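S.K.: This is the structure alone, sequence omitted:
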């Protein structure tokens, strides 16, 4: 590194690490670690510090202070903590387990046809049944036969309400179809050993018989309503197709 | 360029911008190079939903007006009552409704207010019509092919 060009033959002593540009040093921390041979320090096992009971009493140092009304002495920590507090890396993000129920938009009433905007069913037109209690999510159904959308929960924010409404006063949604009905059943009671997680693999979701039964009751009633509708031929096609924007159509200008 | 629609007393104008947008009004008096006195007491030809009242007598800039081909025989500075009588006698409202201009405006208005379902129905109707046209065209093509092959 040192190129000796001194007249006396002495080589100028350059620092091991130097700044190449402002704030940019020639060698990184990792390189310097190896240059300085610090790995040798790690190889030696550090001797265990004996924990003595004297430590606690020696934590504080009692110092006398002047002044009449100052209590004569102060207890000062023998070892003060660092003035620079470290960056917190493991801040626990509190998960909102119970979200607030969002009030229903005026444009969404039972029987309204909604356009789903997100998720695997995006663009599909579905029928709104009711707003679920507790969570405030919307319960919708395809009907399944028309567009493969089952009885499903949907958040109000991810939905456009169209002006088309069906009369579903005669459609009875089973009472047990509520927030808990849709809750995911997780089997996390097994021990968290590596083998068990990878051996089990992903458990495939199978539709329960109850879901099928409920779907049937709701859909058969709904399809009856649609068949009785004046525009039933168009409605079948409408609910079976997806929404898309054409050239020149601006979403904020469209009437839905 | 040949101009056919002139700014003159009695010319019926379409208010394209500003207050009473979409209504017709009669030019009653010309104020200067930019402005007119306008009056439309019997022009309830309104596209925007609202109470169909006429145009109150007032000043408009030429920039907000589009001249129509209709003229009403009124005197300079004719009062509102006189304007109304002349307008109704000429039957301008009826003529305007039947004009292509007004029909285009109506179509535009309907199209912009179609709901999603209605748009779908229009789509289906268009597809059906085009299918019919294409099959007929196909038949014609076949017929010409046969005759040209002979």
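M.R.: It's in. Just so it is clear, the model here is predicted, and its values are computed rather than measured.
S.K.: in stretch A:165-176, what counts as buried?
M.R.: Buried positions in stretch A:165-176, judged by neighbour count with 16 or more other CB atoms under 10 Å in any protein chain shown: A:165, A:166, A:168, A:171, A:173. (Each C-beta comes from the backbone N, C-alpha and C, glycine too.)
S.K.: excluding its backbone neighbours, what's nearest the last one?
M.R.: Residue nearest to residue A:173 in three dimensions, not counting chain neighbours: residue A:129, with 5.2 Å by CB to CB, 6 or more residues apart in numbering or on different chains.
S.K.: go on, the third one?
M.R.: Sequence neighbours aside, residue A:111 is the residue nearest to residue A:168 in space, at 4.2 Å (criterion: CB to CB, 6+ apart).
S.K.: Tell me how many other residues crowd the one you found.
M.R.: 18 (other CB atoms under 10 Å in any protein chain shown).
S.K.: for residue B:62, same thing?
M.R.: 15.
S.K.: likewise the one 10 residues further on?
M.R.: Residues within reach of residue B:72, counting by other CB under 10 Å, total 20.
S.K.: Over to it: give its phi and psi.
M.R.: Phi and psi for residue B:72, reported as degrees, to the nearest 10, are phi -120, psi 130.
S.K.: Distance of it relative to chain A?
M.R.: Here residue B:72 is placed at a distance of 36 Å from chain A (CB to the nearest CB, to the nearest Å).
S.K.: element containing the nearest residue to residue B:83 once chain neighbours are set aside, please.
M.R.: Nearest non-adjacent residue to residue B:83, counting by CB to CB, 6+ apart: residue B:39, 4.9 Å away. Residue B:39 belongs to strand B:35-40 when assigned by DSSP states H and E.
S.K.: Provide a list of residue ranges in chain B with pLDDT below threshold.
M.R.: Chain B contains residues with pLDDT under 70 at B:43-53, B:150.
S.K.: any idea how it splits into domains?
M.R.: If you go by automatic domain parsing, the domain ranges for chain B are B:11-112, B:114-150.
S.K.: tell me which parts of chain B are close to chain A?
M.R.: Residues of chain B found near chain A (CB under 8 Å from any CB of the partner chain) are B:112, B:113, B:114, B:115, B:116, B:117, B:120, B:121, B:124.
S.K.: Using a markdown table, lay out those together with distance to residue B:94 and neighbour count.
M.R.: Rendered in a markdown table, the data for the residues of chain B next to chain A read as follows (distance: CB to CB, whole Å; neighbours: other CB atoms under 10 Å in any protein chain shown):
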| residue | distance to residue B:94 | neighbour count |
| --- | --- | --- |
| B:112 | 25 | 10 |
| B:113 | 25 | 12 |
| B:114 | 27 | 16 |
| B:115 | 31 | 15 |
| B:116 | 35 | 19 |
| B:117 | 34 | 20 |
| B:120 | 35 | 22 |
| B:121 | 31 | 17 |
| B:124 | 35 | 15 |
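S.K.: Can you list the low-confidence ranges for chain A?
M.R.: Chain A contains residues with pLDDT under 70 at A:1-9, A:45-57, A:90, A:94-97, A:186-202.
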